[in-house]
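Q: 3D, please:
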Amino acid sequence: MNITSQVNELQSLEKEISNLSKRLKKLKTRKKEIEENVAEYLRETNKPGIKYKGRAILLKEVDKRTRMKKKEREEEGKNILEQYGVDNPDEVLNELMEAMKGPKSSNYKLQIKKI
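A: Numbering: from 1, shown residues only. Next comes the predicted model:
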């Protein structure tokens, strides 16, 4: 297989992946809407769940944490370190965040630009 055919295949794969991603996003949005509708029905009727075609659909309450922005996470981390009396909370937090990232490794990646 020569390089031009591989580049053509790469472009077609990128396009197909893009199309599938768009379709998947729509499907996930629709799934979420339907789940919210079913949950609303169960809340309104005060039913713990329903049975449908050999499946039990139950409504349970779960705790979900909201995502914090990077700046907010850093501030919270500094506050906690200060509460425990750590000297130089900025340095300690930066070292801790860097340690959580893992080691760096060198790889190659294709950059594709329109010209």
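
Q: and after the helix or strand hosting residue 80, which helix or strand comes next?
A: Using DSSP states H and E, residue 80 falls within helix 70-83. Sequence-wise, the next helix or strand downstream of helix 70-83 (DSSP H and E) is helix 89-101.

Q: Moving C-terminal from the lengthiest helix in the chain, which element do we reach first?
A: Criterion DSSP state H: the longest helix present in the chain is helix 3-45. Using DSSP H and E, the helix or strand that follows helix 3-45 in sequence is strand 49-52.

Q: Neighbouring strands of that next one in the sheet, and parallel or not?
A: Sheet pairing of strand 49-52 (DSSP bridges) gives strand 55-58 (antiparallel).

Q: Kindly export the partner strand (C-alpha atoms) in PDB.
A: The C-alpha trace of strand 55-58 is given here as PDB (Å, rounded to 0.1, in the frame of the first residue of the first chain):
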ATOM      1  CA  ARG A  55     -36.800  -5.300  32.800                       C
ATOM      2  CA  ALA A  56     -37.200  -3.300  36.000                       C
ATOM      3  CA  ILE A  57     -36.800   0.400  35.600                       C
ATOM      4  CA  LEU A  58     -36.200   2.000  39.000                       C
END
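
Q: what's that strand in contact with?
A: 38, 42, 48-51 (C-beta atoms under 8 Å, 6 or more residues apart in numbering). C-beta here means a position set from N, CA and C on the backbone, and glycine is covered the same way.

Q: swap in stretch 1-18?
A: residue 112.

Q: starting at the chain centroid, how far to it?
A: Relative to its chain's centre, stretch 1-18 lies at 27 Å (C-alpha atoms, centre = their mean, to the nearest Å).

Q: so for it, what's the average pLDDT?
A: Averaged over stretch 1-18, pLDDT sits at 92.

Q: what about dumping the CA coordinates of it to PDB?
A: What follows is stretch 1-18 as a C-alpha-only set of coordinates in PDB (Å, rounded to 0.1, in the frame of the first residue of the first chain):
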ATOM      1  CA  MET A   1       0.000   0.000   0.000                       C
ATOM      2  CA  ASN A   2       1.500   3.300  -1.000                       C
ATOM      3  CA  ILE A   3       1.600   6.500   1.000                       C
ATOM      4  CA  THR A   4      -1.100   8.400  -1.000                       C
ATOM      5  CA  SER A   5      -3.600   5.600  -0.500                       C
ATOM      6  CA  GLN A   6      -2.900   5.600   3.200                       C
ATOM      7  CA  VAL A   7      -3.300   9.400   3.400                       C
ATOM      8  CA  ASN A   8      -6.600   9.100   1.500                       C
ATOM      9  CA  GLU A   9      -7.800   6.400   3.900                       C
ATOM     10  CA  LEU A  10      -6.700   8.500   6.900                       C
ATOM     11  CA  GLN A  11      -8.800  11.400   5.600                       C
ATOM     12  CA  SER A  12     -11.900   9.200   5.000                       C
ATOM     13  CA  LEU A  13     -11.500   7.700   8.500                       C
ATOM     14  CA  GLU A  14     -11.300  11.100  10.100                       C
ATOM     15  CA  LYS A  15     -14.500  12.200   8.200                       C
ATOM     16  CA  GLU A  16     -16.300   9.000   9.300                       C
ATOM     17  CA  ILE A  17     -15.200   9.400  12.900                       C
ATOM     18  CA  SER A  18     -16.500  13.000  12.800                       C
END
